[in-house]
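> pasting the sequence and the predicted coordinates here, then a few questions.
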Amino acid sequence: MPTIAPVDLGGFVVRAGFVENSAFFADGEGNIIFQRDEDGAVTVSPHKSGLLAAEISHDYKSLVTSGDDGCIYSVKADGSAALVAERPRKWIDLIACGPSGAVAFASGRTAWVRFADGREREFSHDRAVGGLAFAPKGMRLAVARYDGATLWWAASDGNPVELTWKGAHLGTCFSPDGRYLVTAMQENALHGWRLSDSQDMRMSGYPAKVKSFSWSAKGKYLATSGANAAILWPFSGKTGPMGQQPLQLGTRSDALVTGVACHPTEQVVAISYQDGMIMMCRFNDNAEVQLRRPGRGPIGTMGWDRDGSRLAFGSEAGEAGIIYLQD
């Protein structure tokens with residue numbers, strides 16, 4: 001049976017996951033706790049005030065954070081923090097980590113990319129930036145915005161590619177093979193594009209907004225929140241999910257799914273709910289294992305370690321912990 005090691009936090013958990021071999025928990029007050037099994041916990045608070053976003057670096061060696069102080073920090077599991085970039089008086093609530101130490105961040109209508117050597121590039125848009133993502137290979141940056149998304153070559157001067165679809169586009173991600181771009185919309189839907197020809201893909205029917213998505217280990221499925229089950233869209237064919245029925249895993253009649261985290265090696269997904277419960281479901285037969293009973297609030301963030309033996313989680317009520325799977 002799974003066992004849980006609880007971690008006490010003071011408030012809303014913005015992000016939970018693993019850096020190197022240490023679990024981390026970043027809360028809205030600006031505190032980051034690294035839970036190291038062999039050396040106990042390390043707490044660091046690099047931001048002067050609140051923490052707005054946190055992303056794991058491309059090499060899994062640090063946590064990149066942003067806050068309402070306009071600062072972006074790279075924080076390691078030993079508690080050391082280095083200032084990556086600063087935009088005084090800017091509200092930096094969107095960040096993305098790319099290859100070779102690149103970091104993208106945005107405020108208002110402007111996105112920036114900072115490279116490991118300290119160089120920066122600025123990308124301006126007509127409407128506010130809603131989401132950022134780097135392609136799995138190369139220095140291509142996707143910027144979600146109103147009425148679509150823009151693809152920039154971050155390290156060169158090539159012309160951007162404009163992908164259009166009416167409405168407000170927020171969080172965004174590339175498929176692991178780089179063939180598709182998917183955005184979560186302000187309405188209860190996802191939208192996607194096949195990048196080879198900009199073919200649109202519409203994924204709708206959600207009763208709530210999609211706030212969490214996760215690609216399966218081999219990129220065959222995109223798991224999403226926003227319904228009474230985890231909705232997994234198939235991306236194995238030439239047309240992505242179009243004309244195919246999604247998997248529905250972990251269905252409950254009394255609670256919406258708030259988070260999804262696909263296992264890094266197996267065809268299973270961790271699913272969190274409004275009431276704080278966490279389940280683990282297998283793709284091929286929908287077999288379920290309860291990992292956590294309901295708690296005080298919705299689980300908003302989950303993250304596996306790299307071998308899939310531990311799952312870190314955090315709730316909107318400040319509950320957090322590490323779930324250890326046992327054979």
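Received the coordinates, thanks.
> every contact and neighbour count from this point should use C-alpha atoms.
Will do.
> ok, now which ones touch the closest residue to His125 other than its chain neighbours?
Ranked by CA to CA, 6 or more residues apart in numbering and with sequence neighbours excluded, the top spatial neighbour of His125 is Arg109, at 5.3 Å. Residues near Arg109 by CA atoms under 8 Å, 6 or more residues apart in numbering: Ser124, His125, Asp126, Arg127, Ala128, Val129.
> show the buried residues in the residues you listed.
Among those, those that count as buried by neighbour count (16 or more other CA atoms under 10 Å) are Ala128, Val129.
> for the contacts of Arg109, which one is nearest Met203?
Distance from Met203 was checked for each of the contacts of Arg109 by CA to CA. The minimum falls on Val129, at 21.5 Å.
> you'd agree that closest one is up against Ala142?
No: when contacts are counted by CA atoms under 8 Å, Val129 is not listed as touching Ala142 (10.3 Å).
> flag the shaky bits of the stretch 1-150 of the chain, pLDDT-wise.
Scanning the stretch 1-150 of the chain for pLDDT under 70 picks out the ranges 38-39.
> who are the packing partners of the strand or helix carrying Thr172?
In this structure, Thr172 is located in strand 161-174 according to DSSP states H and E. Strand 161-174 makes packing contacts with strand 131-134, strand 140-153, strand 180-185 when contacts are defined by 3 or more CA pairs under 8 Å, 6 or more residues apart in numbering; DSSP states H and E.
> tilt between the longest one and strand 161-174?
With axes from the mean of the first three to the mean of the last three CA atoms, to 10 degrees applied, the angle from strand 140-153 to strand 161-174 works out at 170 degrees.
> sheet partners, orientation included, of the one helix or strand Leu232 maps to?
Counting by DSSP H and E, the secondary-structure element that holds Leu232 is strand 230-234. Counting by DSSP bridges, the strands paired with strand 230-234 are strand 221-224 (antiparallel), strand 247-249 (antiparallel).
> need the winner for burial among those strands.
Neighbour counts averaged per stretch over those are highest for strand 221-224, at a mean of 25; criterion: mean count of other CA atoms under 10 Å.
> returning to what we had before: want to throw the helices and strands packed on strand 161-174 into CSV with mean neighbour count and distance to Val260?
Conversion of the helices and strands packed on strand 161-174 to CSV gives the following (neighbours: other CA atoms under 10 Å; distance: least, CA to CA, whole Å):
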stretch, mean neighbour count, distance to Val260
strand 131-134, 25, 18
strand 140-153, 22, 21
strand 180-185, 26, 14
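> will you turn those strands into JSON lines that also has distance to Thr239?
Listed next are the helices and strands packed on strand 161-174 as JSON lines, based on distance: least, CA to CA, whole Å:
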{"stretch": "strand 131-134", "distance to Thr239": "22"}
{"stretch": "strand 140-153", "distance to Thr239": "19"}
{"stretch": "strand 180-185", "distance to Thr239": "10"}
